[in-house]
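# Requesting a structural model of the entry that follows:
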Amino acid sequence: MPEASDEYILGLFANAKSKEQAFELLMKKYQRLVYYNARRIVSLHEDANDVVQNVFIKIWNNLDKFRGDSSLKTWITKICVNESLTFIEKKKRMLNLSDDSYTDFLVVSQPETNFISPNEIQQLLQEEILKLPPKQRAVFTMRYYDETPYAEMSKIFDTSESALKASYHFAAEKIKKNLQERLTF
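As a prediction, this is how the structure comes out:
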């Protein structure tokens, strides 16, 4: 069965009788995207699942207000990024941790099997990504892993493409520098 188009989903959602069917199609189409974006930002599987649930609740409550200023994918990704960043802030407050302490908490909490690959270099890369500030981590992972265009990210983050390019560049340089220091034998 081919994937439903965004227009079809939005059309079904506009009709009260097919609203739930539309939402099921939307979830089927975007659940992986939302999970992986959330996972890369919040890091832990359980936290990502919480974020995914929050994202889809927000989508359900606000889809009828979607104006179409951007693609549905961009709108959903923006919700996901915002929910992920909010989740991190709430969790830091709940655990009474500073940014650095929270980063240490994430690195220690990360089971080796949850890293991108069992390869040690990949594990080190993941640790360095976790050390980035949450928004910079979101920009870096969206660009590095998903090759999200800067134009699309500018709609997600409500900022200029040049600011995003700078953020990505600074993140990449930080990661490169830290990896070089860690891998010097």
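
# any idea where the helices of this structure begin and end?
6-14, 19-42, 45-62, 72-95, 99-109, 120-130, 134-146, 150-157, 161-182 (DSSP state H).

# Put together TSV for those helices, with mean neighbour count on each row.
Backbone N, C-alpha and C define where each C-beta goes, glycine included. Converted to TSV, the helices of the chain look like this (neighbours: other C-beta atoms under 10 Å):
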stretch	mean neighbour count
helix 6-14	16
helix 19-42	18
helix 45-62	17
helix 72-95	18
helix 99-109	14
helix 120-130	16
helix 134-146	20
helix 150-157	19
helix 161-182	14
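
# Which residue, other than its chain neighbours, is closest to the residue nearest to the spatial centre of the chain?
Among the residues of the chain, the one closest to the centroid is N37, at 2.8 Å (C-alpha atoms, centre = their mean). Spatial nearest neighbour of N37, excluding adjacent residues (C-beta to C-beta, 6 or more residues apart in numbering): C80 at 4.8 Å.

# Repeat that for D6.
Excluding the flanking residues, the one nearest D6 by C-beta to C-beta, 6+ apart is L72, at 4.2 Å.

# tilt between the lowest-mean-pLDDT helix or strand in the chain and helix 72-95?
Lowest mean confidence among the helices and strands of the chain (mean pLDDT, DSSP states H and E): helix 99-109, at a mean of 78. Orientation note: helix 99-109 sits at an angle of 100 degrees relative to helix 72-95 (axes from the mean of the first three to the mean of the last three C-alpha atoms, to 10 degrees).

# Can you tell me which helices and strands helix 99-109 packs against?
When contacts are defined as 3 or more C-beta pairs under 8 Å, 6 or more residues apart in numbering; DSSP states H and E, helix 99-109 packs onto helix 72-95, helix 120-130.

# Pipe these into CSV and attach distance to K29 and mean pLDDT per row.
CSV is the format used below for these (distance: least, C-beta to C-beta, whole Å; pLDDT from 0 to 100):
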stretch, distance to K29, mean pLDDT
helix 72-95, 9, 94
helix 120-130, 27, 84
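
# will you turn the ones you listed into JSON lines that also has distance to L10?
Shown next, in JSON lines, are those (distance: least, C-beta to C-beta, whole Å):
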{"stretch": "helix 72-95", "distance to L10": "7"}
{"stretch": "helix 120-130", "distance to L10": "34"}
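
# Noted, bye for now.
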